[in-house]
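>>> Need the 3D shape of this:
(4 chains)
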Number of protein chains: 2
Amino acid sequence: MVRPPAARDKLLCAAHALIREKGFNAMSVDELCARAGVTKGAFFHYFRSKDELGVAAAIHWSVVTGALFAQAEYHARSSALERVLAYIDLRRSLVRGEIAEFSCVAGTMVQETYREHPAIREACGACIFDHAQTLVDDIQAAIDERGIVAEWTAESLATHTQAVLQGAFVLAKARGDAAVALESVDHLRRYVTLLFATASQRERTPTTARRSAARRRTQT
Amino acid sequence: MVRPPAARDKLLCAAHALIREKGFNAMSVDELCARAGVTKGAFFHYFRSKDELGVAAAIHWSVVTGALFAQAEYHARSSALERVLAYIDLRRSLVRGEIAEFSCVAGTMVQETYREHPAIREACGACIFDHAQTLVDDIQAAIDERGIVAEWTAESLATHTQAVLQGAFVLAKARGDAAVALESVDHLRRYVTLLFATASQRERTPTTARRSAARRRTQT
DNA sequence: ACGAACATACCAACTGGTTGGTATGTGAGC
DNA sequence: GCTCACATACCAACCAGTTGGTATGTTCGT
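Residues are numbered from 1 along each chain as shown, chains lettered A, B, ... in the order given. Next up, the predicted model:
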């Protein structure tokens, strides 16, 4: 049986931890290897450069978080709006313990690499926006469910949820306390609730529902 | 006439630019001096260490942005809610050009220093939260104006606006485009509008207005 | 069935350039 | 003539990346 490449995985996991703790640039390859319990030789066996590790770390982060959210139970809710709110609740429940344990590897890394390391920026961007994309169908279904004529798109709201979360992490770091992040997530939840509550009360009529459906078709 | 300490100011401005472009850790002292057009001797004449420069850069950022917002015209609006919305509009109008020209020095720096450089974290935190504080009075006045019973505080909404902005900057960096940031600011504006619109329609009664005032008093 | 050739997975020691920081010098103004 | 505001020259530590290995397989011709 072929020996599995254990060192590569250990390096990627150690990279996640170090990037969350001190960022990509402050993390040295030596330090990363020490944390992973491998030597530098192993590092450069799997990655041609530190840059390449950054890209791999972002991709691996996508895989890890993708699996986490794909198997989450919030998908089971019958109402689309409930699924969206349950996603936000799940995100909220993950905000606990040390900041470095709940903050986002991609968001942290992209802040300091977006200009000098385009490949890393791209990988982080894909990670964040692909994740946002997993919300779009539920948001669109919620719009349809309620027959809303919205001046915003499902995609922009999905993206906005990620903006709030990323911003919440920044504020948590700035204050040195997770509580402030929770408050922003609460505001996000309230926003989504209001968005559908008011729209459904004011605009849920057969006429507007039909107009909404028509607009959606032309957008695609 | 005494020569003003020009080098210090040039170093702080260059630091703002470099931190926005590549972050605090990736910015070397040599590079910073080159950008500022001074020598390393000048740097260590004014700052005992790179850390100390980081703190000074955050404080200077507070001063620069503080002056910008203090003299802005949105304070002149007669309605408190309009002042809050006009603040958001101002923030929106500032999001243009290169990402490094509108992103936040404090938010960028704190992401990569919050754990290893506590003094910088503190300075960045003060910068962000003190700025948020300048919104609290207007938000509270808007709550009073409309006689709202809110389950959120003026302070938490003020903080939330900063979370959205910081998150919008992260997303702009991740996508390499400012447009995505504008969309999040629009969602923030819509949230604030909904918050006061729905509350005023549903809860604006003499009874709840009195209860709101009482609650505020006990919170202090 | 077997061994030569090759591939994978890793390690220890090294290198040249860069880093933050220091020691010392200099010239202009009060 | 002394201090403030810088400049020059330098250093030890650290940095990403390289070199040259070993141990453990796997492939394939015979």
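
>>> where in chain A is pLDDT low?
Applying pLDDT under 70 to chain A picks out residues A:1-4, A:198-220.

>>> which helix in it runs the most residues?
With residue count as the measure and DSSP state H as the assignment, chain A has helix A:118-146 as its longest helix.

>>> distance between that one and the chain's centre?
Centroid separation between helix A:118-146 and its chain, computed with CA atoms, centre = their mean, to the nearest Å, is 8 Å.

>>> Please name every helix or strand in contact with it.
Based on contacts counted as 3 or more CB pairs under 8 Å, 6 or more residues apart in numbering or on different chains; DSSP states H and E, the elements that helix A:118-146 packs against are helix A:50-70, helix A:80-94, helix A:105-113, helix A:154-175, helix A:179-203, helix A:206-219, helix B:154-175. (Each C-beta comes from the backbone N, C-alpha and C, glycine too.)

>>> and the last one, how far from the chain's centre?
Put simply, helix B:154-175 sits 9 Å off its chain's centre (CA atoms, centre = their mean).

>>> Put the alpha carbons of that helix into CSV.
Written as CSV, here are the backbone C-alpha positions of helix B:154-175 (Å, rounded to 0.1, in the frame of the first residue of the first chain):
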residue,chain,number,x,y,z
ALA,B,154,-27.8,52.4,19.2
GLU,B,155,-24.2,51.4,20.0
SER,B,156,-24.6,47.9,18.5
LEU,B,157,-26.1,49.3,15.3
ALA,B,158,-23.2,51.9,15.1
THR,B,159,-20.7,49.0,15.5
HIS,B,160,-22.6,47.0,12.9
THR,B,161,-22.1,49.7,10.3
GLN,B,162,-18.4,49.4,10.8
ALA,B,163,-18.6,45.6,10.5
VAL,B,164,-20.4,45.9,7.2
LEU,B,165,-17.8,48.4,5.9
GLN,B,166,-14.9,46.3,7.0
GLY,B,167,-16.5,43.2,5.5
ALA,B,168,-17.1,45.1,2.3
PHE,B,169,-13.5,45.9,2.0
VAL,B,170,-12.5,42.3,2.5
LEU,B,171,-14.9,41.2,-0.2
ALA,B,172,-13.6,43.9,-2.6
LYS,B,173,-10.1,42.7,-2.1
ALA,B,174,-11.2,39.1,-2.6
ARG,B,175,-12.9,39.9,-5.9
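
>>> Just the buried residues of stretch A:174-190, please?
Residues of stretch A:174-190 classed as buried by neighbour count (16 or more other CB atoms under 10 Å in any protein chain shown): A:174-175, A:178, A:180-190.

>>> contacting residues for the residue nearest to the spatial centre of chain A?
The C-alpha lying nearest the average C-alpha coordinate of chain A belongs to residue A:128 (CA atoms, centre = their mean; 4.7 Å). Counting by CB atoms under 8 Å, 6 or more residues apart in numbering or on different chains, residue A:128 makes contact with A:104, A:106-107, A:110, A:162, A:166, B:171, B:174.

>>> Quick check: buried residues in stretch A:116-126?
Residues of stretch A:116-126 classed as buried: A:117, A:120-126 (neighbour count, 16+ other CB under 10 Å).

>>> I'd like those written out as a markdown table, with distance to residue A:9 added.
Compiled in a markdown table, the buried residues of stretch A:116-126 are given as follows (distance: CB to CB, whole Å):
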| residue | distance to residue A:9 |
| --- | --- |
| A:117 | 23 |
| A:120 | 20 |
| A:121 | 24 |
| A:122 | 23 |
| A:123 | 18 |
| A:124 | 20 |
| A:125 | 24 |
| A:126 | 21 |
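
>>> Stretch A:189-200 vs chain B: in contact?
Yes - using CB under 8 Å from any CB of the partner chain, a contact is recorded between stretch A:189-200 and chain B, made by A:190-191, A:194-195, A:197-198.

>>> For the residue of chain A found nearest chain B, which non-adjacent residue is spatially closest?
Each residue of chain A has a distance to chain B, by CB to the nearest CB, and the smallest belongs to residue A:167, at 2.8 Å. Spatial nearest neighbour of residue A:167, excluding adjacent residues (CB to CB, 6 or more residues apart in numbering or on different chains): residue B:167 at 2.8 Å.

>>> same deal with residue A:100?
Residue A:100's closest residue in space is residue A:20 (CB to CB, 6+ apart), at 4.2 Å.

>>> I'd guessed that neighbour sits against residue A:107; true?
No - counting by CB atoms under 8 Å, residue A:20 does not reach residue A:107; the two are 9.9 Å apart.

>>> who has more neighbours, the two?
More neighbours sit around residue A:107 than around the other of residue A:20 and residue A:107, counting by other CB atoms under 10 Å in any protein chain shown; the figures are 26 against 23.

>>> that older thread, was I right to think the residue nearest to residue A:167 contacts residue A:161?
No - here residue B:167 lies out of contact with residue A:161, judged by CB under 8 Å, at a distance of 9.4 Å.

>>> Tell me which of those two has more neighbours.
residue B:167 (30 against 25).

>>> distance of the more buried one from residue B:144?
The spacing between residue B:167 and residue B:144, counted by CB to CB, to the nearest Å, is 29 Å.

>>> same check, this time on residue A:173
For residue A:173 relative to residue B:144 (CB to CB), the value is 33 Å.

>>> Between those two, tell me which one has more neighbours.
Counting neighbours by other CB under 10 Å for residue A:173 and for residue B:144 shows that residue A:173 has the greater number, 27 against 15.

>>> wait, what's in contact with the more buried one?
A:99, A:103, B:110-111, B:114, B:121.

>>> Tell me how far residue A:176 lies from DNA strand D.
For residue A:176, the distance to DNA strand D equals 24 Å [CB to the nearest atom of the strand, to the nearest Å].

>>> Would you agree that residue is in contact with residue B:117?
No - under the criterion of CB under 8 Å, residue A:176 lies out of contact with residue B:117, with a separation of 12.0 Å.

>>> Measure how buried the residue lying closest to residue A:155 once chain neighbours are set aside is and give me the count.
Computed as CB to CB, 6+ apart, the closest residue to residue A:155 that is not its neighbour in sequence is residue A:136, at 5.3 Å. Other residues near residue A:136 number 16, with proximity taken as other CB under 10 Å.

>>> Which positions in stretch A:80-95 come out as buried?
Within stretch A:80-95, the residues that qualify as buried by neighbour count (16+ other CB under 10 Å) are A:80-88, A:91-92, A:95.

>>> could you turn it into CSV, dropping everything but the C-alphas?
Taking only C-alpha atoms (Å, rounded to 0.1, in the frame of the first residue of the first chain), the coordinates of stretch A:80-95 have been written out as CSV:
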residue,chain,number,x,y,z
ALA,A,80,-36.6,28.5,2.1
LEU,A,81,-36.5,31.5,4.4
GLU,A,82,-36.1,29.2,7.3
ARG,A,83,-33.1,27.6,5.6
VAL,A,84,-31.5,31.0,5.1
LEU,A,85,-32.1,32.0,8.7
ALA,A,86,-30.9,28.6,9.9
TYR,A,87,-27.7,29.1,8.0
ILE,A,88,-27.2,32.4,9.8
ASP,A,89,-27.9,30.7,13.1
LEU,A,90,-25.4,28.1,12.3
ARG,A,91,-22.8,30.7,11.5
ARG,A,92,-23.6,32.4,14.8
SER,A,93,-23.2,29.2,16.8
LEU,A,94,-19.7,28.8,15.3
VAL,A,95,-18.6,32.1,16.8
